[in-house]
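Here's my sequence, what's the structure:
(one chain, ligands or ions: 1)
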Amino acid sequence: MPRRPLVAANWKMNGLKASTGELEKIIAGAENLADVELMVCPPATLLASFAAAARGSRVAIGGQDCHAQASGAYTGDISAEMLKDAGATAVIVGHSERRRYHGETDAAVREKALAARRAGLVAIVCIGETHAERDGGRTREIVRTQLDGSLPDGAADFVVAYEPVWAIGSGVTPTPDDVADIHGFIRDRLTARYGEAGRGARILYGGSVNAANAKRLLTIENVDGALVGGASLKADEFLAIAGAYGARWSAISLS
Ligand code: 13P
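Numbers count the residues shown, from 1 in each chain. Sure, this is the predicted structure:
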């Protein structure tokens, strides 16, 4: 089952109205990247205006988190339905920064993934081990536990993002062999649980992806795209990363 690559920008808590120019550049560049789906996940304040700017383009807009409930007395929270209403088609759930700073458990992440499904959004479910867990030889155990606990049953209608916590924002990445090994392991878990449908679910890699390492990290079997943090804030670099999938853009050098 061919899986179309997805390269998604997670802007985290970055971006003001003045950043709209970067989105516009991404929208323009996307025209040269027919082989890859592009997504930008801006902070919630920019979601509606970004969705309006991207309407009819090849760039999808996603949220960075959602509440499990559709509405209610949850001050400061945003529901999946609200993201959908603002123009999002997807939402990141269970990012390690949410797990770490907001105490989100696998069960909470699963509820959010179910909320995304209820609202008609694609959930991008993040998993990944910490440095200590890796050093302790527990990577597979952690990944298995997080997959089992965070993914909803039923359809394999989500995207999995494997983001080793120690690789996020550090400039350090796993070796291609390590990426191949863990993505293969994730694929096996998906097919064991969802059958053939588990072959269709995309598994993204995230953690210090940049224009220089994209081709090496993203063209590995069972790596179906990337979730990009820091390097996604500049349109040129983000587009160059997406160019790892062999589109015309890769012929254009970074200035
Ligand atoms: P960096 O690309 O900045 O390492 O962040 C990765 C990430 O957390 C994307 O969700």
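
If you drop the residues flanking it in sequence, what lies closest to the residue in the stretch 101-250 of the chain that the ligand sits nearest to?
Relative to the ligand, the nearest point of the stretch 101-250 of the chain is Gly229 (2.2 Å; Cβ to the nearest ligand atom). Heads up, the C-betas are built off the backbone N, CA and C, glycines and all. Of all residues beyond its chain neighbours, the one nearest Gly229 is Asn10 (5.3 Å), with distances taken as Cβ to Cβ, 6 or more residues apart in numbering.

so the residue of the stretch 101-250 of the chain closest to the ligand sits right up against Glu237, yeah?
No - at 11.5 Å, Gly229 does not count as touching Glu237 under the criterion of Cβ atoms under 8 Å.

Would you enumerate the residues in contact with Arg117?
Neighbour list for Arg117: Ala123, Pro152, Gly154, Ala155, Asp157, Phe158 [criterion: Cβ atoms under 8 Å, 6 or more residues apart in numbering].

hang on, the fifth one packs against Val122?
The reference is to Asp157. Yes - in terms of Cβ under 8 Å, Asp157 counts as a neighbour of Val122; the distance is 6.9 Å.

More neighbours: which of the two?
Val122 (20 against 16; other Cβ atoms under 10 Å).

So what does that one look like in phi/psi?
Backbone torsions for Val122, taken as degrees, to the nearest 10, come to phi -80, psi 130.

Can you read off the pLDDT for it?
You'll see Val122 listed with a pLDDT of 98.

mind listing what's buried in stretch 74-88?
Taking 16 or more other Cβ atoms under 10 Å as the neighbour-count basis, stretch 74-88 is seen to contain the buried residues Ile78, Ser79, Ala80, Glu81, Met82, Leu83, Lys84, Ala86, Gly87, Ala88.

Wait, Asn222 touches His183, no?
Yes - the pair Asn222 / His183 is scored as a contact, 3.8 Å apart, by Cβ under 8 Å.

tell me, what's touching these two both at once?
With contacts taken as Cβ under 8 Å, 6+ apart, the residues that reach both Asn222 and His183 are Ile203.

quick one, what contacts the residue in the stretch 1-150 of the chain positioned nearest to the ligand?
Going by Cβ to the nearest ligand atom, the ligand is nearest to Asn10 of the stretch 1-150 of the chain, at 3.7 Å. Under the criterion of Cβ under 8 Å, 6+ apart, the neighbours of Asn10 are Cys41, Gln64, Ile92, His95, Gly206, Leu227, Val228, Gly229, Ser232.

All good on my end, thank you.
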